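*Asks:* Sequence unavailable; structure follows:
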């Protein structure tokens, strides 16, 4: 498995998941994490939501990805299949316009870009991928090809 490098500072949601292409930062959460501290301020804004939270579950029929993208419109989110095997989910939350007379007391909502990539298994039907957004949650459904069960034929035993 090859990791796809990224300057956005993604983290791997599961270290042992061969399909997760995000890079794990063992120092994430420390006050002055090396991944964020060495970035220019414009990149630090980006890393704020570069880590869009995603759940990936596999059902008998499909792979289902659920992405938290509160406050984003569907026009601000992009779902793509790259090289026939990589599902890429990206988007951008614009920074709120500041007025000269505004006095900010607290800024906790993040702005910037996010990008998440996942290697899809061979049984994914890439021509039938569907995406829908409802209440700030993007749901991407990637149907799976049916696994044909081997035909078992009973043989009569004579004698």
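*Replies:* Nice, I can see it. Fair warning: this is a prediction, and the values are worked out from it, not measured in the lab. Residues are numbered from 1 along each chain as shown.
*Asks:* Averaging pLDDT per element, find the lowest-scoring helix or strand in the chain.
*Replies:* Using mean pLDDT, DSSP states H and E, helix 41-50 stands out as the lowest-scoring helix or strand of the chain, at a mean of 46.
*Asks:* C-terminal to it, which secondary structure element comes first?
*Replies:* strand 54-58 (DSSP states H and E).
*Asks:* If you count neighbours, what's buried in that following strand?
*Replies:* 54, 56 (16 or more other Cβ atoms under 10 Å). C-betas here are computed from N, CA, C, even on glycine.
*Asks:* before we move on, what about stretch 67-77?
*Replies:* In stretch 67-77, counting by 16+ other Cβ under 10 Å, buried: 67, 69, 72, 77.
*Asks:* And the first one, which helix or strand is it part of?
*Replies:* With the criterion set as DSSP H and E, the secondary-structure element containing residue 67 is strand 62-68.
*Asks:* now do the third one
*Replies:* For residue 72, there is no helix or strand it lies in under DSSP H and E.
*Asks:* Can you give me every residue that contacts it?
*Replies:* Residues counted as contacts of residue 72 (Cβ atoms under 8 Å, 6 or more residues apart in numbering) are 91, 93, 136.
*Asks:* and what of residue 155?
*Replies:* So residue 155 contacts nothing (Cβ under 8 Å, 6+ apart).
*Asks:* Residue 140 too?
*Replies:* 64-65, 67, 79, 87, 89, 129-131.
*Asks:* Let's see that with 6 Å instead.
*Replies:* Taking Cβ atoms under 6 Å, 6 or more residues apart in numbering, we find residue 140 in contact with 65, 79, 131.
*Asks:* Return the distance of it relative to residue 97.
*Replies:* 31 Å (Cβ to Cβ, to the nearest Å).
*Asks:* before we move on, back to that, same list (the contacts of residue 140) but as CSV, adding pLDDT.
*Replies:* Below are those laid out as CSV (pLDDT from 0 to 100):
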residue, pLDDT
65, 96
79, 96
131, 97
